[in-house]
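Peer 1: Sequence and predicted structure are below.
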Amino acid sequence: MNAIFTVITLISLILLTVQNPTSVVTVMTDGVEKSISLCGKLFCIYALWYGVFELIERGGIGRLIAKILKKPVKWIFGKTDEKSSGYICMNLSANLLGLGGVATPMGIEAEKYLENEGNRFGQNMLFVLASSSIQLLPISVIGLRASFGSVNPQDIILPTLLSTAVSTITGILLVKIFCKR
């Protein structure tokens with residue numbers, strides 16, 4: 001993918017230089033400015049929610065959620081211990097809120113625990129669920145839309161919910177069909 005993006009960027013830069021050589025620096029400066037602004041906005045959103053999830057984990061709420069969801073987690077992921085269940089629940093919670101960047105560290109930890117348990121099926125299922133993840137409330141995208149002045153940033157909730165529900169259900173079914181417990 002890096003090679004493809006590099007080629008596309010080089011072709012675009014060459015075409016821009018040929019068509020309008022005086023605007024190359026202006027366009028590049030604008031792009032850098034916008035990307036830094038976007039990174040700052042995303043950083044604020046992720047920092048807030050990562051802090052919330054860190055408090056949940058340190059406060060023991062993650063373990064409580066894991067105990068409440070023990071049966072569904074066992075049905076979906078197979079044999080899991082309390083630690084991996086806690087990380088799985090935290091990962092899925094962050095993904096439900098549309099916070100993939102916040103969910104990633106918890107998903108990596110869950111994958112390590114599942115690997116230590118020898119639960120290859122659970123690893124596959126977590127990978128699929130983290131990739132497709134039903135998003136009840138896509139906070140990152142809503143926050144970005146609001147910061148860029150969208151009149152109704154929440155308009156994406158229903159289409160996002162429907163599309164991610166279909167992809168998640170499809171992923172679960174495919175893992176259940178093709179992966180052995």
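Peer 2: On my side now, so go ahead.
Peer 1: Return the distance of the spatially most central residue of the chain relative to Leu129.
Peer 2: Within the chain, one residue has its C-alpha closest to the average C-alpha position: by Cα atoms, centre = their mean, that is Gly100, at 1.9 Å. Relative to Leu129, Gly100 is positioned 12 Å away (Cβ to Cβ, to the nearest Å). (Each C-beta comes from the backbone N, C-alpha and C, glycine too.)
Peer 1: Same check on Glu115?
Peer 2: In this structure, Glu115 and Leu129 are 16 Å apart, going by Cβ to Cβ.
Peer 1: Between the two, point out the one with more neighbours.
Peer 2: Leu129 (21 against 13; other Cβ atoms under 10 Å).
Peer 1: Roughly how far does that one sit from Ser140?
Peer 2: Going from Leu129 to Ser140 by Cβ to Cβ gives 18 Å.
Peer 1: Check which residues of the host helix or strand of Gly143 are buried.
Peer 2: Under the criterion DSSP states H and E, the helix or strand holding Gly143 is helix 139-147. Neighbour-count burial for helix 139-147 flags 139-145, 147 (criterion: 16 or more other Cβ atoms under 10 Å).
Peer 1: of these, closest to Ser35?
Peer 2: Using Cβ to Cβ, Leu144 is the member of the buried residues of helix 139-147 that lies nearest Ser35, at 12.9 Å.
Peer 1: Can you give me every residue that contacts the closest one?
Peer 2: Under the criterion of Cβ atoms under 8 Å, 6 or more residues apart in numbering, the neighbours of Leu144 are 38, 41-42, 45.
Peer 1: Lowest-scoring secondary structure element of this structure by mean pLDDT?
Peer 2: Lowest mean confidence among the helices and strands of the chain (mean pLDDT, DSSP states H and E): helix 61-68, at a mean of 75.
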